[in-house]
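Engineer: A structural model of the following input is requested.
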Amino acid sequence: MSVAIYPGSFDPVTFGHLAIIRRAARLFDHVRVLVAHNPEKCGLFSPQERVELLSAVTADYPQVTIDVTDGYVVDYARQIGAQCLIRGLRGADDARAETHLAALNRNLAPELETLLLPAESDLVAVSSSDLKARAQRGEALTALCPEPVARELRVRFGKDALA
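Structural biologist: The predicted model follows:
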């Protein structure tokens, strides 16, 4: 069985993330979306909240499961027998950073491949940071994330009366 891991902070999950999950689910028998938690960074959502949001928005994909780690992604990959890391690319800056990260991961785990998937053209500008900034300003979020995520962002920023 082919197993891939799609690691990220997912703080919070966007339509860009979901597009990568959907594409990876067509390529692999099982995709583990991994909330990579860095205890030294403070996110808007707790790791468990991110897992819950991801679980809700990927419920229609039986071959996708969600987990969390605060360790190295390559160690987690070895533990579950994954063959591939999935990474999304939005542009040249992402490509440069992700190529560097892939090389580092290859040094740590030469048996683990990294697959870089470019974003769909209409999702290139979608990022979790932008999504949070728009939510904080009370702007519309429906083009950037699923409704359960938008709802939680509106609550978090005290904009829950807004549509």
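Engineer: mind showing which ranges of this structure have poor pLDDT?
Structural biologist: Within the chain, the segments meeting pLDDT under 70 span 160-163.
Engineer: could you point out the longest helix in this structure?
Structural biologist: Longest helix in the chain by number of residues (criterion: DSSP state H): helix 92-108.
Engineer: would you list every one of the helices in this protein?
Structural biologist: So, for the chain - with DSSP H - the helices run 15-27, 47-57, 73-80, 92-108, 128-137, 147-156.
Engineer: so can I have TSV of these showing mean neighbour count and distance to residue 64?
Structural biologist: Bear in mind the C-beta positions are built from the backbone N, C-alpha and C, glycine included. Formatted as TSV, the helices of the chain follow (neighbours: other CB atoms under 10 Å; distance: least, CB to CB, whole Å):
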stretch	mean neighbour count	distance to residue 64
helix 15-27	19	6
helix 47-57	19	9
helix 73-80	16	14
helix 92-108	13	21
helix 128-137	16	19
helix 147-156	18	16
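Engineer: Take those helices and write them to a markdown table, including distance to residue 37.
Structural biologist: Shown next, in a markdown table, are the helices of the chain (distance: least, CB to CB, whole Å):
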| stretch | distance to residue 37 |
| --- | --- |
| helix 15-27 | 16 |
| helix 47-57 | 4 |
| helix 73-80 | 11 |
| helix 92-108 | 17 |
| helix 128-137 | 14 |
| helix 147-156 | 18 |
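Engineer: For residue 66, find the nearest of those.
Structural biologist: Between residue 66 and the helices of the chain, the shortest gap by CB to CB is with helix 47-57, which sits at 4.5 Å.
Engineer: Give me the contact list for the closest one.
Structural biologist: Under the criterion CB atoms under 8 Å, 6 or more residues apart in numbering, residues 9-13, 18, 33, 35, 37, 43, 45, 66-68, 70, 146, 148-149, 152 lie in contact with helix 47-57.
Engineer: number of nearby residues for the closest residue in space to residue 130 that isn't next to it in sequence?
Structural biologist: Once flanking residues are discounted, residue 130 sits nearest to residue 144: 7.3 Å by CB to CB, 6 or more residues apart in numbering. A count of neighbours around residue 144, defined by other CB atoms under 10 Å, yields 23.
Engineer: which residues does residue 144 contact?
Structural biologist: Contact analysis of residue 144 by CB under 8 Å, 6+ apart lists 14-15, 126, 130-131, 134, 150.
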